[in-house]
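J.: My questions concern the predicted model and sequence given below.
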Amino acid sequence: MGVEVGKQFPEFSLLNQDRQMVTLGDFVGKWLVVYVYPKDDTPGCTIQGKSFTATKQEFDDANISVVGVSEDDVESHKNFCNKFSFTIDLLADPNHELLDAAGVGQSEYKGTMYWNRTSFVIDPQGVLRKVYEKVNPEGHERVLLDDIKAMQAA
């Protein structure tokens, strides 16, 4: 149970990899992709971070911001960003405030629970427009770009 499409996305105030506070209000007037990923420096999460970094200019040109969220702490995010030269913000949610509020599910993998790879598309007024669950990291950024451009045109 989380936020429904067509409703306001939950407010959040989370630190990014540079210890800067990032809030939902920072994105008013822009489209926003919040992508939840299981763990820093794991294969699928690395693919996603690299993909969003590689296409950042295209997202910027379309007035779309992209932030990643996981329960890893700021230090872990900083190392992950530095290792792969990511140019996107990764938000630390160690207390699961946003993960719980947004209703992100969990799955077990080798005896450990992980947050499901989930993406949220939020419009310039802060309204949730689309949710992608159990995302395949390969090529997901293209799907998001195409879908959001279609919503912008509608």
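T.: The structure has been received and is ready for your questions.

J.: Would you agree Cys45 is in contact with Tyr37?
T.: Yes: in this structure, Cys45 is within contact of Tyr37 by Cβ atoms under 8 Å, at 4.4 Å. C-beta: built from backbone N, CA, C; applies to glycine.

J.: shared neighbours, the two?
T.: Common contact partners of Cys45 and Tyr37 (Cβ atoms under 8 Å, 6 or more residues apart in numbering): 70, 137.

J.: Settle it for me: which of the two has more neighbours?
T.: Tyr37 (26 against 21; other Cβ atoms under 10 Å).

J.: I'd assumed Thr23 was in contact with Asp89.
T.: No: using Cβ under 8 Å, Asp89 is not in contact with Thr23, being 11.8 Å away.

J.: List phi and psi for the most far-flung residue of the chain relative to its centre.
T.: Largest separation from the mean C-alpha position in the chain: Gly111, at 24.8 Å (Cα atoms, centre = their mean). Phi and psi for Gly111, reported as degrees, to the nearest 10, are phi 80, psi 0.

J.: name the element the residue nearest the centre of the chain belongs to?
T.: Nearest residue to the geometric centre of the chain (Cα atoms, centre = their mean): Tyr35, 2.1 Å. Following DSSP states H and E, one finds Tyr35 within strand 31-36.

J.: Give me the below-cutoff pLDDT ranges for this structure.
T.: Applying pLDDT under 70 to the chain picks out residues 1.

J.: Helices along that one, start to end?
T.: With DSSP state H as the criterion, the chain has helices at 43-54, 56-61, 74-84, 97-101, 140-153.

J.: residues of the strand holding Tyr35 that come out buried?
T.: For strand 31-36, the neighbour count (16 or more other Cβ atoms under 10 Å) marks 31-36 as buried.

J.: that older thread, how about the helices of the chain in CSV, adding distance to Trp115?
T.: Listed next are the helices of the chain as CSV, based on distance: least, Cβ to Cβ, whole Å:
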stretch, distance to Trp115
helix 43-54, 11
helix 56-61, 22
helix 74-84, 14
helix 97-101, 6
helix 140-153, 16
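
J.: between these, which one is nearest to Ile122?
T.: helix 140-153 (10.0 Å; Cβ to Cβ).
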